[in-house]
Structures are given as structure tokens and as C-alpha cells.
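Undergrad: here are the coordinates; sequence isn't available:
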């Protein structure tokens, strides 16, 4: 896991956690708009730090490493954790670590990904397929995702194209499978076992066009009864990252309230 710092350390701190296949570079567009007013920390998870030496394990394991960083470098408290997609799993786990002081957590695109009894079959099918597709795209810059996946995400091939510029260049099949398994476990195995949390300020952001959010929101409301729900009109999964001015405006509004 790698951490990158920007801005003024004495200002309010925002930690940004990337989505699946992404590195810390996913946040390149918003850093220039935030660093004059905030202390920004962007993260590349294990398996996505582009060293080629690490493998993604579990969201809980990633959360424990984030917590250690917050304790060692920020005195155990942070003003805001902003998580995209896969980053929502360790971000949610941070709310379960009692000695941390979290000003707020935004789970962006924390979609429901469980397939029930078909989980093993789905992952054995989709993980290798996605791994081959991603490595081909990174190597050749050809972008042509399956239509069913684009429909599920609520985006177009052309919309997805610039997102992939921040994708991990050293992706492995082991990491791909591990992140798929964590995604299917997020709600039914992990979050369903947690006691309702009303102590941490939580928000769920998502693109209005993306699927799999209705069931996710139902589960999030059980785990975080006071959660703030914020859909973005006419956007799909992760598409808010293509609108840095809008994203920064909403982040500032959240952290300053």
C-alpha cells in the first residue's frame, strides 16, 4: 500500500481511496482543485501500488493498514475519507475501528455485487475475463468493454476510456480474484454483521444511471441509519471522477457542513 500527500498538512485532511483496478492516479483531476485548501492523501491499495510485489487480500486488512497510517501520521483522526467503488469496503471497515476519530466517510458507488449461490461460478468466469481484458487495454490502449458491463455501470465505452488511464499497470489475476470476492462479501457477510452505527457521519454517493444501488442503499441504511443519500443526475458508476469541478464542490460542501 502506498500513500501520497498533497496540500497543506495543517489544514483539514481528506483521504481518497480508489476504485477497482485503479491506483492513486484516479484522483489526479481533483488534487489541483483541493490542495490550496486541504491536506490530501491519495492511496494505492495492495495489489494496485504498481510495485508488482503486493497482492490485494481483504478489505479489512486494507482498513487496518489505513488505520495504522491515520494513527501514526494524523494522531488517530481524519476529517474525511472519500472512497470510490471498491475503496468503499475498507472505508466502511474504518467505521468499525473504535479508536479512530472520523469526521465523515463518503462511499461513492458502493454497489451491491453478490450473486448468492452463483458467487463462485460468477467469479471463476468474470475474474479471468476481466483480468485479460484489463491487461489488454493497458497494454494496447484498445477500449471495448462488453456491452452488458457498460449497461450495468450506466456508462459508455467513450466515457470509460479516460478512466482507464489511471488503471494499475501491474495487475495480477490473484489480485483481481481477491477483489471480486471482497465485493460479493461486502454486504451479506461483512456489513450485515455490524451493529447500526449512528456515531459516524456517512454518505452514499452514486450515479443515477448505475445499477445494483437499490439493494446497496437498503443495506447501508441498516448499517448506518443516518446515512445521507446523494445520487448524481445523468451519471453512471465512477463517472463523477470525470467531473472534477462538480466533485470538488460536493466534497467541500460535505466537509464544511
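TA: Okay, I see it. On a predicted model such as this, the values are computed, not experimentally measured, just so you know. Numbering: from 1, shown residues only.

Undergrad: What number of residues are in the vicinity of residue 150?
TA: 17 (other CB atoms under 10 Å). All C-beta atoms are positioned from the backbone trio N, CA, C, and that covers glycine.

Undergrad: What's the separation between it and residue 163?
TA: Going from residue 150 to residue 163 by CB to CB, to the nearest Å gives 12 Å.

Undergrad: Then residue 254?
TA: From residue 254 to residue 163 the distance is 23 Å (CB to CB).

Undergrad: Give the buried residues for the helix or strand harbouring residue 254.
TA: Element membership of residue 254, judged by DSSP states H and E, is helix 244-256. Buried residues in helix 244-256, counted by 16 or more other CB atoms under 10 Å: 244, 247, 248, 250, 251, 252, 254, 255.

Undergrad: So residue 178 is in contact with residue 55, correct?
TA: Yes. Residue 178 is within contact range of residue 55, at 6.8 Å (criterion: CB atoms under 8 Å).

Undergrad: which ones are touching residue 50?
TA: 23, 44, 168, 169, 170 (CB atoms under 8 Å, 6 or more residues apart in numbering).

Undergrad: hmm, back to that, quick one: distance of the helix holding residue 254 to the chain centre.
TA: Its chain's average C-alpha position is 17 Å from that of helix 244-256, according to CA atoms, centre = their mean, to the nearest Å.

Undergrad: Now do it: which elements does it pack against?
TA: On a contact count with 3 or more CB pairs under 8 Å, 6 or more residues apart in numbering; DSSP states H and E, helix 244-256 meets helix 31-34, strand 80-84.

Undergrad: Just send those back as CSV, with distance to residue 8 too.
TA: As requested, the helices and strands packed on helix 244-256 are exported to CSV (distance: least, CB to CB, whole Å):
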stretch, distance to residue 8
helix 31-34, 10
strand 80-84, 15
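
Undergrad: just curious, which of the buried residues of helix 244-256 is nearest to residue 120?
TA: residue 247 (35.9 Å; CB to CB).

Undergrad: Longest helix in this structure, please.
TA: Secondary structure of the chain per DSSP state H: the longest helix is helix 119-140.
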